[in-house]
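Colleague: Compute the structure for the input listed below.
(one chain, ligands or ions: 1)
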Amino acid sequence: MTTSTSLTIIQMNDSHAYFDQHQEMFWKGDQAVYRPAGGYARIVTLVKQIRAESQGRVLFCDCGDTLHGTYPALKTQGQALIPVLNSLGLDAMTAHWEFAYGPEIFRQRAAELGYPVLAINVFDQVTKERVFPAYSVKEIGGLRIGLVGIASNIVDKTMPASFSEGLEFRLGREELPLVIDNLRSQEKVDLIVLISHLGFPQDMKLLSEVNGIDICLSGHTHNRLYKPALQGKTLVIQSGCDGSFLGRLDLELVGNQIVDYRHQLIEVEAKIEPDPGVDDLVSQALAPYQEELSAIVGKTATALNRAAMLETTMDNFMLQALLDGTDAQLAFSNGWRFGAPIIPGDVTLNDLYNIIPMNPPIATVDLTGEEIVTMLEENLERTFASDPYNQMGGYVKRGLGFNAYIKIENPAGQRVQQIFSGNQPMLPGHHYSTVFVTEQGVALKYGQQRELHPERAIDAMLAYLKKHRSIQAELKGTFVAV
Ligand SMILES: [Zn+2]
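Modeller: Residues are numbered from 1 along each chain as shown. Model prediction:
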């Protein structure tokens, strides 16, 4: 008789340095509803429960975007998270925004972690050697498991140059077959788990081209997969963001074959009792900033969230604040996916830092109508490219002060049907004064009279909140899919 063995895999992805519980958005019928979720102390309680249920036959992996995204993380270049992360019992991680502190700092952080950072696709530009190991092997209950990491490959393509200094980021497709072969033939593993930060569409394409991966833990695109996707024989899961969810995959194996599985997308609910030890570590990490960040700086009448493709109330508030402090006609920012929702009521300084933790300086530039359309077309292609490998954006670029009617399904350069500034069509040769934040908002190649201002994004939002009794940030139809 063949005997089966079991293994439980837990996934955390895109937790974006949300130490503690925060608001999370959920769809209910025709509207968005909000409730608290997340926090590492509650995550650990869940992980401990799962370990007890599975007699310790548990693999726990983190797909990255972990060391960046909140004020305490940014202030300490990720250091504040290390004791907390080291208490979670993780087996491995890969990376994306971790590179925001520069490759050297990230290497230091990686050395401080009690588990490996894996990246098959990150190389030194000069030596062509890997900066992190491509894989590690874990032995759990008699099973040998090969863990392979793929970091985000857009770090040297669409992000600020300082993130990737001296490094080269590849897709990983060329490198994977060799490593898979080595894991099977030399390391004699029973199972291969890919820990990816390429994004869900990218992973699905990659897995259609590369055989031999049993499980893909996908990250970056903040998908809440309520059931696994199958690509060939590979099971793919992704589990939301901001630590609001864990993914759980219970496998039954006979030899090295998966014969059965169960999956659950677990909400890290408020009713879960926080683990006291990790709760202490979280409190210690947050203590130096608690007073400053809990200051109430204004009110919002609109629920501010960012979890939508074309336009969001959270970005509209930030862009409105940028416009308010200047005499610009248009405002631009990047379509970042991070940023926990803010519910109607008081707004704290912590909320503002969650919107834009980097707190970049405000910049102004003159853009012609033609440049604006070119810039939007470039962004729409990066977001909606029919080849997932060319999808390198987050959400659509955020803008205010114009209305663009777009055909998402069209080829590159052909998506903007009509664009208006007020009631007038935007004119190719006309100059539009523009305020923006970061080179991801308006890339260096666009515009004239580019000027960096001493005020920063948070200054603009604070000034706006002082002036206005309460935030009204309804959707404006900036991008309409037609
Ligand atoms: Zn990411």
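
Colleague: Now do the closest residue to residue 299 other than its chain neighbours against residue 245, distance only.
Modeller: Nearest non-adjacent residue to residue 299, counting by C-beta to C-beta, 6 or more residues apart in numbering: residue 470, 4.3 Å away. Just so you know, the C-beta spots here come from the backbone N, C-alpha and C atoms, and that holds for glycine as well. Per C-beta to C-beta, to the nearest Å, residue 470 is found 31 Å from residue 245.

Colleague: buried set for the longest helix seen in the chain?
Modeller: The longest helix of the chain (DSSP state H) is helix 276-293. Neighbour counts over helix 276-293 (16 or more other C-beta atoms under 10 Å) mark 278-279, 281-282, 285-286, 289, 293 as buried.

Colleague: I'd like to know which of those is nearest to residue 37.
Modeller: Comparing those against residue 37 with C-beta to C-beta places residue 282 closest, at 15.0 Å.

Colleague: hang on, that closest one packs against residue 38?
Modeller: No - in this structure, residue 282 is not within contact of residue 38 by C-beta atoms under 8 Å, at 11.2 Å.

Colleague: where do the contact lists of the two overlap?
Modeller: residue 20 (C-beta atoms under 8 Å, 6 or more residues apart in numbering).

Colleague: in the chain, what spans have low per-residue confidence?
Modeller: Flagging of the chain using pLDDT under 70 yields the residue ranges 1.

Colleague: Point out the residues in the protein that sit beside the ion.
Modeller: Contact residues, the chain versus the ion (C-beta under 5 Å from the ion): 65, 96, 220.

Colleague: now do the same end-to-end measure for stretch 333-348.
Modeller: 22 Å (C-alpha to C-alpha, to the nearest Å).

Colleague: Run the angle between the strand or helix carrying residue 43 and helix 276-293 for me.
Modeller: Element membership for residue 43, per DSSP states H and E: helix 40-53. Interaxial angle of helix 40-53 relative to helix 276-293 (axes from the mean of the first three to the mean of the last three C-alpha atoms, to 10 degrees): 160 degrees.

Colleague: list the buried ones in helix 40-53?
Modeller: Applying 16+ other C-beta under 10 Å to helix 40-53 flags 40-47, 50-51 as buried.

Colleague: likewise stretch 23-37?
Modeller: Buried residues in stretch 23-37, counted by 16+ other C-beta under 10 Å: 23-25, 34, 36-37.

Colleague: Relative to residue 116, how far out is whatever residue of the stretch 201-350 of the chain ends up closest to the ion?
Modeller: Minimum separation of the stretch 201-350 of the chain from the ion (C-beta to the ion) falls at residue 220, amounting to 3.9 Å. Using C-beta to C-beta, residue 220 is found at 19 Å from residue 116.

Colleague: who's more crowded, those two?
Modeller: Applying other C-beta atoms under 10 Å to residue 220 and residue 116 shows that residue 220 carries more neighbours, namely 28 against 18.

Colleague: I'd say the more buried one and residue 63 touch.
Modeller: Yes - Residue 220 is within contact range of residue 63, at 7.4 Å (criterion: C-beta under 8 Å).

Colleague: what do those two both touch?
Modeller: Common contact partners of residue 220 and residue 63 (C-beta under 8 Å, 6+ apart): 13-14, 196-197.

Colleague: For those residues, name the two members farthest from one another.
Modeller: 14 and 196 (11.8 Å).

Colleague: who touches both of these two?
Modeller: 63, 219-220.

Colleague: before we move on, the earlier item: okay, residue 470 and residue 245: which has more neighbours?
Modeller: Legend: neighbour count by other C-beta under 10 Å for residue 470 and residue 245, higher for residue 245 (26 against 13).

Colleague: so who does the more buried one touch?
Modeller: Applying C-beta under 8 Å, 6+ apart, the residues near residue 245 are 37, 224, 239, 265-268.

Colleague: show me what contacts whichever residue of the stretch 1-150 of the chain sits closest to the ion?
Modeller: Using C-beta to the ion, the closest approach of the stretch 1-150 of the chain to the ion is made by residue 96 at 3.7 Å. Shown in contact with residue 96 (C-beta under 8 Å, 6+ apart): 64-65, 151-152, 155, 197, 219-220.

Colleague: With secondary structure as extra columns, can I get these in TSV?
Modeller: Listed next are the contacts of residue 96 as TSV, based on DSSP: H, G, I helix; E, B strand; the rest coil:
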residue	secondary structure
64	coil
65	coil
151	coil
152	coil
155	coil
197	coil
219	coil
220	coil
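
Colleague: now, the most widely separated pair of those residues?
Modeller: 155 and 219 (13.8 Å).

Colleague: Comparing these two, which residue is more hemmed in?
Modeller: Shown here are residue 155 and residue 219; by other C-beta under 10 Å, residue 219 has more neighbours (35 against 23).

Colleague: gap between that one and residue 391?
Modeller: 14 Å.

Colleague: Kindly report the same for residue 300.
Modeller: Per C-beta to C-beta, residue 300 is found 32 Å from residue 391.

Colleague: next one: residue 14
Modeller: For residue 14, the distance to residue 391 - C-beta to C-beta - is 16 Å.

Colleague: got it, and residue 100?
Modeller: For residue 100, the distance to residue 391 - C-beta to C-beta - is 20 Å.

Colleague: so what's residue 144 bridging to?
Modeller: residue 139 (DSSP bridges).

Colleague: Contact partners for it?
Modeller: With C-beta under 8 Å, 6+ apart, residue 144 has these contacts: 137-138, 187-191.

Colleague: Among those, name the ones in strands.
Modeller: Residues of those located in strands (DSSP state E): 137-138, 191.
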